[in-house]
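Trainee: just a sequence and a predicted model for now, questions to come.
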Amino acid sequence: PESYMVEGHSVHRVAHRHRTNLVGGKFKATSPNGRFSAGAAMITTLTFAAIEAVGKNLFAFFGDMSSPHVVHVHFGMSGAWSIHPLSSAPPPTPTTRLRLEGPDNSGNPVVVDLSAMTCNYGDISLYNEKRAKLGEDPLRADVNPERLWGKVSASKKPIGALLMDQSYFTGPGNIYRAEILLKAGVHPEVKGIDLTRTKFDSIWYHTVDLLRRGYESGSIITVDEEDQKRKPGLRRYIYNSSKCGKCGGRVESWNMAGRTCYACQNCQSREGKGKGDDVVKEEGEKKKVHEPFNSHCAKDDVGTRLERGGAKILTIPEIRNVLSTTYGVFPSRGVKKSELVEMLNGLRAPKVNAFDAAREKVSAGEARNVEHVAELSAVQAKDVKGEMKEGLRTPKGKIRKPLNVKPERKKRKLEGN
């Protein structure tokens, strides 16, 4: 069976949660499993100054931001950075690399546990080195689609490989690759150099749209509302399926750079242009391809600061500019900065909290090894699952199956792959 990385939308959710609840506080830092002892000693009792997500990478900044200590995190397959009330915090596990203890921004004592595949520490040069190797993150305010188009259009690699290459598209993983290309009508084997600009714009539109959906809901559900009505319980169109959820056609699967790649024989053209070229037009004017989370009128450093520290570190004119250019919101004169900050942070916040996202996955029968909530520890996720199962019990004690939920099809090797 395939292994599944924590994808970019989940990392951004962790960053938002910690920025809201922890940034600005001071915490005692320890390394329960001893694998991050030096890093914990470096940041203990320093101010948790900022946190920033770049695709699947998370950067936490401690101390003075003019010369911060930086912790770099990559969750890998099953990592999490969870917040627990002190009174109900579980004991650390063998995978707990970092534990923070102290009051959150509401003054409540909390325990914050990190388990991750990668956990490094250093100064700002660590951030600069890692950031320079990463590409365009569709969920960031400082994203530059034009720069990405320049790289993609010059590459002889297939677009299926480029979507998984974090130096190009930063954040999407294998589930997103399958669904983005299906919705854009592009076969994964089409080379970047052969893509038309219209086709690239369609790919970028769906990349932003689907990761934005994932960020807001906490779940990778790529099926559009009209198709959900037609096929209740359908979560994805072609990923891990033998038939396309859009047209019912055959789905091919094959290995691309060590990962299973999927394509619908009917919906996805092998040409640089073809089916799906009108997707962008159907969604509106072409400029809307780059609209979500982009602030074209703001300077790049504004977007970067917004991602790192939230709205409160921007000036009033900068906040107003982001609100108007990105969200079409024009606050009246005289609105206080605190109100503008709350307004912008609210627009950028996930719409579904971590526990409700976990409940949705349980009710849909989603396996945790396919997608899990990186904001919750294994204990918290297990508690949600137990709570949900108890709620689904019949009077005789049997588990009642959730309504309108179909289990994912088992992957089937198809002829001709």
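Mentor: The structure has been received and is ready for your questions.

Trainee: ranges for the strands of the protein?
Mentor: For the chain, the strands identified by DSSP state E occupy 28-30, 48-54, 57-62, 69-74, 80-85, 98-103, 109-115, 118-122, 251-256, 259-264, in order along the chain.

Trainee: direction included, what does the third one pair up with?
Mentor: Strand 57-62 has the following strand partners under DSSP bridges: strand 48-54 (antiparallel), strand 69-74 (antiparallel).

Trainee: and Phe169, which of the ones you listed is closest to it?
Mentor: With Cβ to Cβ as the measure, strand 48-54 is the member of the strands paired with strand 57-62 nearest Phe169 (12.1 Å). C-beta: built from backbone N, CA, C; applies to glycine.

Trainee: who touches the closest one?
Mentor: Under the contact criterion Cβ atoms under 8 Å, 6 or more residues apart in numbering, strand 48-54 has outside partners 8, 11-12, 14-15, 18-19, 22-27, 58-65, 68, 100, 130-131, 134, 137, 139-140, 170, 307-309.

Trainee: tell me how many other residues crowd the residue nearest to Phe59 when sequence neighbours are not counted.
Mentor: With sequence-adjacent residues excluded and distances taken as Cβ to Cβ, 6 or more residues apart in numbering, Phe59 is closest to Glu52, at 4.7 Å. Glu52 is flanked by 22 other residues according to other Cβ atoms under 10 Å.

Trainee: do His18 as well
Mentor: Residues within reach of His18, counting by other Cβ under 10 Å, total 22.

Trainee: which residues does the residue lying closest to it once chain neighbours are set aside bridge with?
Mentor: The spatial neighbour of His18 that comes closest, neighbours along the chain excluded (Cβ to Cβ, 6+ apart), is Ile51 at 5.0 Å. On the basis of DSSP bridges, Ile51 takes part in beta bridges with Ala60.

Trainee: quick one: Ile51 and Asp201, what's the gap?
Mentor: Here the criterion is Cβ to Cβ, to the nearest Å. By it, Ile51 lies 31 Å from Asp201.

Trainee: which one's more surrounded, the two?
Mentor: Each of Ile51 and Asp201 had its neighbours counted (other Cβ under 10 Å), and the higher figure belongs to Ile51 (26 against 23).

Trainee: which residues touch Pro331?
Mentor: 320, 323, 339-340, 343.

Trainee: could you check the pLDDT of Phe355?
Mentor: According to the per-residue confidence, Phe355 scores 92 in pLDDT.

Trainee: same check on Ser219?
Mentor: On the pLDDT scale, Ser219 is placed at 92.

Trainee: how many other residues sit next to it?
Mentor: By the measure other Cβ under 10 Å, the count of residues near Ser219 is 21.

Trainee: from here on, count from 47
Mentor: With the count now opening at 47, the last piece we talked about shows up as Ser265.

Trainee: quick one: contacts for it?
Mentor: The contact partners of Ser265, by Cβ under 8 Å, 6+ apart, come to 281, 398, 403, 406-407, 410, 412, 417.

Trainee: tell me who's in contact with Ala61.
Mentor: Contacts here follow Cβ under 8 Å, 6+ apart; on that basis Ala61 touches 97-99, 104, 353.

Trainee: rerun at 7 Å
Mentor: Contacts for Ala61 (Cβ atoms under 7 Å, 6 or more residues apart in numbering) come out as 97-99, 104.

Trainee: now swap in Leu257 and tell me
Mentor: Remark: with contacts taken as Cβ under 7 Å, 6+ apart, Leu257 is in contact with 54-55, 184-185, 217-218, 222.

Trainee: and Leu146, what are its bridge partners?
Mentor: Counting by DSSP bridges, Leu146 is bridged to Ala75, Val158.

Trainee: can you count the residues close to Thr141?
Mentor: Neighbour count for Thr141, taken as other Cβ under 10 Å: 18.

Trainee: how near is the closest residue to Thr164 other than its chain neighbours to Glu53?
Mentor: Here the nearest residue to Thr164 in space, its sequence neighbours aside, is His120; by Cβ to Cβ, 6+ apart that works out to 3.9 Å. For His120, the distance to Glu53 under the criterion Cβ to Cβ works out to 12 Å.
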